[in-house]
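Novice: Give me the fold of what follows.
(one chain, ligands or ions: 1)
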Amino acid sequence: MNRLFHVPLSPFCRKVRLVMGEKRLEVELVEERYWEQDPDFLRRNPAAKVPVLKMDGKMMAESSAICEYLEEQYPDPALMPRDADGRYEVRRLVAWFDDKFHHEVTAKLLYERVNRKLMGTGYPDSSNVKAGAKAIKYHLDYMHWLLDHRRWLAGDVMSLADFAAAAHLSALDYISDVDWNRSAVVKDWYATIKSRPAFRAILADQVPGFPPPAHYADLDF
Ligand SMILES: O=C(O)/C=C/C(=O)CC(=O)C(=O)O
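Specialist: As a prediction, this is how the structure comes out:
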């Protein structure tokens, strides 16, 4: 059985779960308190980060490397275009969300609150939370601009870029800082991707101290 060492609200773990769900790959989830640096976990990933996927006797780390491995081993349904330009655009946007969006928004809004609570490292820094709340507007506007030109974030077909973005936004949903009324096209894109069967398990996540967002109750699969 495939096994994913993860943290429920980590966007990087969510991205891998979404890709595995879309490709209908079964996986057993094991919650990992990676910040405790347990020696067994460090043996699995000396970088001490989640996600770590155990699959076919291998231990794999780094979410984008994992997702591209899954894409090559299980190409159906495809989450990367066949042409070089299309693949470039998907990779650019995955990096946008996992790097720029992550540092400007997820780390400031979500990690500042959730990780400090989980790890017991004190109270959120309000200047970080304010900076994250300002930055998310710019990012939602950028997504609006992309979706005004294309059906999906990286082009006319759904791709890994959509799952990378949705992984961050679905985690942020737990702290209710996303103004879904800022852009109707972004709201529609989110509703569409969230209705994928791959999202089911993630939407059912129970995170102690962070009840599921109220609007999840309206979802109908
Ligand atoms: O697997 C990745 O792409 C990245 C994982 C991390 O950066 C894990 C963390 O250290 C974090 O979530 O901040």
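
Novice: alpha carbons only for contacts and neighbour counts from here, please
Specialist: Noted.

Novice: Report how many residues lie close to the spatially closest residue to residue 115 that is not a sequence neighbour.
Specialist: Nearest residue to residue 115, sequence neighbours excluded (CA to CA, 6 or more residues apart in numbering): residue 121, at 7.9 Å. The local packing count at residue 121 equals 11, with neighbours defined by other CA atoms under 10 Å.

Novice: Next: residue 15.
Specialist: Residue 15: 26 surrounding residues under other CA under 10 Å.

Novice: On the three-state scheme, it is what?
Specialist: Under DSSP: H, G, I helix; E, B strand; the rest coil, residue 15 falls in the helix class.

Novice: for the one 4 residues further on, same thing?
Specialist: Following three-state DSSP, we place residue 19 in the helix state.

Novice: Leaving out sequence neighbours, find the closest residue to it.
Specialist: On the basis of CA to CA, 6+ apart, the spatially nearest residue to residue 19 that is not a chain neighbour turns out to be residue 67, at 6.8 Å.

Novice: Which strand or helix spans that neighbour?
Specialist: Of the helices and strands defined by DSSP states H and E, residue 67 is found in helix 63-73.

Novice: coming back round to it: with residue 112 as the reference, measure out to the residue nearest to residue 115.
Specialist: For residue 121, the distance to residue 112 equals 10 Å [CA to CA, to the nearest Å].
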